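*Asks:* sequence? don't have it. structure:
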């Protein structure tokens, strides 16, 4: 079995992803990004122009609100460092003395009038205080603006952090019949705010989709709320931002911002149970699944209420495996089933020894879970 | 004169060779093993602190280099996830707890009596004890290597990942007990600094004549005494949860994971100031030496130091901005975190004014102090950026914060420490360090440090989360990480050059003499290295700069440095009043003692018993501990705790 590498999921190899979207900026990047990307060697190609976790030029209503104050603070920082560096450097150039042991330099120590220097210190303090108060007010204003979404969310997504994946439940407050569960990939309608309920089932995780907005911790024993509003269709990378153990580094997910009609269709498809196997091979695969995988994984219509691992009802409709770390295609899927520990050491999914025919059948069955 | 046999008027006189001989005999540490293990000389203890802290710096640095190699490319497998997680945890614990404060305690231990005109710390045996406990607790934490169970939950150690359910090995027990153990050292050390400052200053050294470093150390010592209980309790509760199944942090039993964060940050945020204020003090005292100009705005800087520490207790929630707390709380703690910048800005303006007003001579030490100002500002402004809860919603937990903490810990601690090393090495050893190699080492260190950590701010803006052992190629973090890795190795090379500089100085350095820098403070009025008794006569102080008085002519009279209290009838020093430093009492100082070491060993057994849940061992240790305390405190004639000694 060829081992899959652990590279970033390659968009082009994921067949069902639309071409129109990518992690690439749909707007021309700001000069500073281009500059630094060039400097940092990021401009390897157009596909690399926008780092997926870059949070400026934000695509979310909340993320955009946070940009102003962050830029303001960064520019202030650069200005302050420049001014202070200049003051130190100019002071040295103007005042430093060359050579001589300090013992021979006794006369340099003498009483000097400090009035001017003290005035300068007080002036500096006054200026510092004024600037800091201004930024405090700006911060409070921004916080007030991002507290609630611009409109009342029509539905809720409950995301539960698990070591090291994301359990996702869609909740329609009008119609509980429409609720369903999925994992590691979240779809949201473009232009419509979504309410998030953030929980944890084990340790602390943090929900963060930088290109859409700020982060919120997922803490066991409490439910935090947050909201998302994507402006542009696209796929946005999310990643756990609180150290949560061995595979914290490989706890990623994706947010798909779909046009509303597509989103509604996706929801309808997701809430359906998995299709029944239609061939002897997939039917055999289903048996293998029930026997070996059903302890942990739910496939609605076949195995219910197995909550230990991600819900796989519509696995084949997802673009990634292993919590956003490898593409979901035949090769990676085979690698993941046969050797999950090799791809994500410490992951709670064990490698289950399967015969060649069982393995083929299982893979064929999983491919039907559209 | 009273008839009370415990009252006498001490004689005064000049420094004479006979007096020096007499004091030497009284104060010298016995040669041999007993003297080595039992010494209570603050100078020996100070150097032990420094050496031990630098060894931990070396270990923490090697851990960092291993991590930097792992992060130097996408999807590398140099370290396993477990190894990486253990290394970043141990790296943080080492640098923050076993290097950053102890190294400052080393300087303070060595310098306090010299700066204050005293013959030793207020409690010499307690001083030895605080060093031994520091060493023992450091070894305790590092002994987790032997068990193959290093702490693996970061220095912040958030619950519930630290609980047995998620972390079944002994990893966290080593850390929890080690921290409680280390807290004993910090607590007694802090008490010692506070009392030393309040009672052992030379006559005339009123509070407004103290060096800033003394202010810094004393301020953070009081801070420690207030902050440490929170973390000691937190680690004890964690250990209880893990060992006895209590539910302080365990949700299934009604516990609250956030309780840990509150208790930890109520301690750990003040701790950030604890590990920078004394270093700022070193700069505030050292920079003027080379600027040939007293610190401009002394009073403001002192007030700034104290205010920073006080405000430091009101900003801990800025570590918890994304835990889901209310907008009102976010606003309050954001505001407080912005405001704490103001007292820090005082020091920056004051240092710059001192340079502008003086005539700086550019020595290696001065290079560290002057660059410290810029490093301080970089570490400061990145703190201001994350003080805004709004900006922190994105920046929290990214490499931006990693860059910030390293500008604080390296820029604001290590650069001050290295400046202090170059400043005081001649005093401690009697030899000069080579300036040529020193300056070369400075530039390599400076360049390497900034190359490693300045781009790291950018890494954070690119969204790289902290504490991940690997990252995918497509994330766009590779180049910046390569730069940081290269920088970290250059930084390591610079520090190796500093070490070489130290070795050369020890072996071949020129003789330093009393005052090679023509510096103004009291430690430079005595030989280098100082004799065991420090001051042959207790000086009388008339100004803030006793050795610059003639030239500054501040109109407060002249200090008397070579004529004063003899106090040569046994191991004695003077106690003065708290505010004005008027002579009050003669302090009888203890002889060398093995009890601090023995007590530490007993404590080590006690904590080991708790670690391995061998309760009989802990029980025995507690009994032995009571015995040690009893014998340690047994009244002694030489301390005039019983009857008046017959020989006088």
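*Replies:* In hand now; what should we look at? Note that the structure is a prediction, hence the values are computed from the model and not measured.
*Asks:* only C-alpha atoms from now on, for both contacts and neighbour counts.
*Replies:* OK.
*Asks:* let me see the ranges of the strands in chain A.
*Replies:* Using DSSP state E, the strands found in chain A span residues A:156-162, A:165-171, A:180-183, A:185-189, A:194-200, A:205-207, A:216-218, A:224-228, A:234-239, A:252-258, A:320-321, A:326-327.
*Asks:* if I pick the residue positioned nearest the centre of chain B, what's in contact with it?
*Replies:* The residue lying closest to the centre of chain B (C-alpha atoms, centre = their mean) is residue B:101, at 2.5 Å. The neighbours of residue B:101, taking C-alpha atoms under 8 Å, 6 or more residues apart in numbering or on different chains as the test, are B:274, B:275.
*Asks:* could you redo the last one with a cut-off of 7 Å?
*Replies:* residue B:275 (C-alpha atoms under 7 Å, 6 or more residues apart in numbering or on different chains).
*Asks:* can you list phi and psi of it for me?
*Replies:* phi -80, psi -50 (degrees, to the nearest 10).
*Asks:* adding mean neighbour count, write the strands of chain A out as CSV.
*Replies:* Output for those, formatted as CSV (neighbours: other C-alpha atoms under 10 Å in any protein chain shown):
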stretch, mean neighbour count
strand A:156-162, 23
strand A:165-171, 23
strand A:180-183, 22
strand A:185-189, 22
strand A:194-200, 23
strand A:205-207, 27
strand A:216-218, 28
strand A:224-228, 21
strand A:234-239, 24
strand A:252-258, 23
strand A:320-321, 24
strand A:326-327, 24
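*Asks:* give me every residue in the stretch 251-400 of chain B lying close to chain A.
*Replies:* Contact residues, the stretch 251-400 of chain B versus chain A (C-alpha under 7 Å from any C-alpha of the partner chain): B:251, B:292-293, B:297, B:322-324, B:327, B:331, B:334-335, B:338-339, B:342, B:345-346, B:349-350, B:352-353, B:355-356, B:358-361, B:374, B:377-378, B:381-382, B:385, B:388-391, B:393-394, B:397.
*Asks:* remind me, longest helix of the chain?
*Replies:* Using chain A. For chain A, the helix reaching the highest residue count under DSSP state H is reported as helix A:61-95.
*Asks:* that's the other chain; I wanted chain B
*Replies:* Chain B, longest helix under DSSP H: helix B:212-244.
*Asks:* tell me the buried residues in that one?
*Replies:* By neighbour count on 16 or more other C-alpha atoms under 10 Å in any protein chain shown, the buried set for helix B:212-244 is B:212-225, B:227-232, B:234-242.
*Asks:* ok, which of these also contact chain A?
*Replies:* Restricting the buried residues of helix B:212-244 to those near chain A - C-alpha under 7 Å from any C-alpha - leaves none.
*Asks:* doesn't residue B:620 fall inside a strand?
*Replies:* No. According to DSSP: H, G, I helix; E, B strand; the rest coil, residue B:620 belongs to no strand; its state is helix.
*Asks:* skipping adjacent residues, who's closest to it in space?
*Replies:* In this structure, residue B:620 finds its nearest non-sequential neighbour in residue B:606, 7.8 Å apart by C-alpha to C-alpha, 6 or more residues apart in numbering or on different chains.
*Asks:* count of residues packed around the one you found?
*Replies:* For residue B:606, the neighbour count with other C-alpha atoms under 10 Å in any protein chain shown is 24.
*Asks:* same question, residue B:299
*Replies:* Neighbour number of residue B:299 under other C-alpha under 10 Å is 12.
*Asks:* my reading is that it lies in a helix. Confirm?
*Replies:* Yes. Under three-state DSSP, residue B:299 falls within a helix.
*Asks:* name the residues of the stretch 451-600 of chain B found near chain A, please.
*Replies:* So the stretch 451-600 of chain B meets chain A at B:461-463, B:465, B:467-476, B:479-480, B:516-518, B:551-552 (C-alpha under 7 Å from any C-alpha).
*Asks:* let's see it at 8 Å
*Replies:* B:461-476, B:479-480, B:515-518, B:548, B:551-553 (C-alpha under 8 Å from any C-alpha of the partner chain).
*Asks:* for the stretch 101-250 of chain B, same thing?
*Replies:* Going by C-alpha under 8 Å from any C-alpha, the residues of the stretch 101-250 of chain B near chain A are B:153, B:159, B:160, B:161, B:166.
*Asks:* repeat the analysis, applying 10 Å as the threshold.
*Replies:* Contact residues (C-alpha under 10 Å from any C-alpha of the partner chain) of the stretch 101-250 of chain B with chain A: B:152-154, B:157-163, B:165-167, B:250.
*Asks:* quick one, helices of chain A?
*Replies:* Using DSSP H, helices in chain A cover A:31-39, A:61-95, A:115-146, A:260-271, A:280-292, A:330-338, A:340-343, A:356-367.
*Asks:* okay, which residue is most central for chain A?
*Replies:* residue A:238 (1.6 Å).
*Asks:* which residue sits closest to that one, ignoring its sequence neighbours?
*Replies:* Among residues not flanking residue A:238 along the chain, residue A:209 sits closest, at 4.2 Å (C-alpha to C-alpha, 6+ apart).
*Asks:* residue A:166: what's it in contact with?
*Replies:* If you count contacts by C-alpha atoms under 10 Å, 6 or more residues apart in numbering or on different chains, residue A:166 has them with A:159-160, A:182-186, A:200, A:205, A:207, A:239-240, A:251-253, A:309-310, A:323-324.
*Asks:* near chain B, which of those residues show up?
*Replies:* A:207, A:239, A:240, A:251.
*Asks:* now those in CSV, with pLDDT?
*Replies:* Formatted as CSV, the ones next to chain B among the contacts of residue A:166 follow (pLDDT from 0 to 100):
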residue, pLDDT
A:207, 98
A:239, 96
A:240, 97
A:251, 97
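*Asks:* pick out the most distant pair among these.
*Replies:* A:207 and A:251 (10.3 Å; C-alpha to C-alpha).
*Asks:* centre of the chain to the helix or strand harbouring residue B:198, how far?
*Replies:* Secondary structure assigned from DSSP states H and E places residue B:198 in helix B:171-199. When C-alpha coordinates are averaged (C-alpha atoms, centre = their mean, to the nearest Å), helix B:171-199 and its chain have centres 11 Å apart.
*Asks:* over to stretch A:279-298?
*Replies:* That offset, for stretch A:279-298, works out to 32 Å (C-alpha atoms, centre = their mean).
*Asks:* now do the helix or strand that contains residue B:351, average pLDDT.
*Replies:* According to DSSP H and E, residue B:351 maps onto helix B:341-357. Per-region confidence: helix B:341-357 scores 96 on mean pLDDT.
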